[in-house]
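S.K.: Need a 3D model of the sequence below.
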Amino acid sequence: MATRIRSTERLWTYLRDAGVRHAVLRGVAPADGATAPMDDDLDLLVDDVAIPDLRGLLEVERARDGVKIDVYGVTGLHGTAYHGHPHLPEPLGRRILEHAVSNAEGLMVPAPTDHLLAWLYHATYHKAEQSGLDWRDGAAGRPTPARDAIDRVMAAAGERIEPTMRAFHARLLDAGLGVSVERLRAYVRHDFRHGRKVLFHARLLDQLPGEMNLFVIRSVALRHGAVDALRARLAAQYQIVSERRVSWLHAWRHRNEMRGGKWRRGGLPRIAVVVFDPHPEPSSAEDRAVHPHVLNRNQFAKQGWRSWFTSTFSVRESANPIHSTDNEAEAIGHLHLFYGPEEEHALLEHVDRVRGGRLEIGPDAGD
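M.R.: Modelled structure (predicted):
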């Protein structure tokens, strides 16, 4: 639940006088930290039962210009969910409210260790790209306000963790707060809708058994009657999960949401094919030096299919009859272009049944 309010004075007074359990997650100094000016963008965690009454106050205080405030409930009720899930893992949210403390400015904030874990979760999973973190090299990250805030809460908590997505993820796993598969998929969808490809998230999803991916057969293949041959090649290498014909108008409307809008050599996508590879082969360091987001080298088979196509039909050598997403994360980020939400859910459920067992995200231990 996001809004802008004229000032926070009435908000803090209301929360204090009404005895509402709450904690400011972001936008103020941490507990035991130096006094710092309040940001004009605050994240507030509130006991779910208080949100309906709080909504009324925020409506009264609403202003076009002012302090932006995002209100989250522990369980995501009353319109406070974050991409369909509670903003933070529920155990952490409950612990934050139970042990909230006053900071140097008299505002309620999470206790130091809880505050650190909340920031690590936010930076690693919600805002990985915007946080400025590199996935494995602390020195390669870029300075951002989020990095500064994390340094402050680390100091307050008395911890020192290498500023990488990998190290933050490991710390969250140690605390029993690692991201779930469903949440990570939701965050990946959101990032792709905003043009962000997070390699570390792709690596985490790559831990799941097998790999789901998405191919699109392009208009040049339809014009030359090569669809059946390409479909046969896909079926020989993968389990085909779903196939969807794409109208020219739909492809044109969404052309800029895939492949950077670059469809000149081969034309628009006309058939979408969702596949599952039960036996992916990890890409090599040499592969990733050229294609860093391709984690399954079986994907490179499409290069041979392109060579077959250009040598078989009267087309330019640059003609590309088929395109695929780099990895499962990118496939998840693009499914909405061809499938509705219920269809997408059914596809993922089918793939997960094929995988079998309980699906969990563990530590990233690759190179």
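S.K.: residue ranges for the strands of this protein, please.
M.R.: Applying DSSP state E to the chain gives strands spanning 2-5, 22-26, 41-46, 67-73, 101-102, 108-109, 211-218, 239-245, 269-277, 322-324.
S.K.: Which of these sits closest to G366?
M.R.: Nearest of the strands of the chain to G366, taken as Cβ to Cβ: strand 211-218 at 14.4 Å. To be clear about C-beta, it is placed using only N, CA and C from the backbone, and glycine gets the same treatment.
S.K.: what's the closest one packed up against?
M.R.: helix 227-237, strand 269-277, strand 322-324, helix 328-334 (3 or more Cβ pairs under 8 Å, 6 or more residues apart in numbering; DSSP states H and E).
S.K.: Compile these into TSV and extend it with columns for distance to D17 and mean neighbour count.
M.R.: Below are those laid out as TSV (distance: least, Cβ to Cβ, whole Å; neighbours: other Cβ atoms under 10 Å):
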stretch	distance to D17	mean neighbour count
helix 227-237	64	15
strand 269-277	54	21
strand 322-324	58	20
helix 328-334	45	25
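S.K.: Of those, which is nearest S311?
M.R.: helix 227-237 (12.6 Å).
S.K.: hang on, the earlier thing: between the strands of the chain, which one is closest to I150.
M.R.: Comparing those by Cβ to Cβ, strand 22-26 comes nearest, at 10.4 Å.
S.K.: what angle sits between that closest one and strand 41-46?
M.R.: With axes from the mean of the first three to the mean of the last three Cα atoms, to 10 degrees as the basis, strand 22-26 and strand 41-46 are set at 150 degrees to each other.
S.K.: Strand 22-26 pairs with which strands?
M.R.: strand 41-46 (antiparallel) (DSSP bridges).
S.K.: hang on, the earlier thing: to L117, which of the strands of the chain lies closest?
M.R.: strand 22-26 (10.8 Å).
S.K.: Any chance you could list what contacts that closest one?
M.R.: 15, 39, 41-47, 50, 72, 88, 96-97, 100, 107-110, 115, 118-119, 122, 149 (Cβ atoms under 8 Å, 6 or more residues apart in numbering).
S.K.: Between strand 67-73 and that strand, find me the angle.
M.R.: Going by the same axes, to 10 degrees, strand 22-26 makes 120 degrees with strand 67-73.
S.K.: Flag every buried residue along the longest helix seen in the chain.
M.R.: Ranked by residue count under DSSP state H, the longest helix found in the chain is helix 341-355. For helix 341-355, a neighbour-count test (16 or more other Cβ atoms under 10 Å) marks 344, 347-348, 351-352 as buried.
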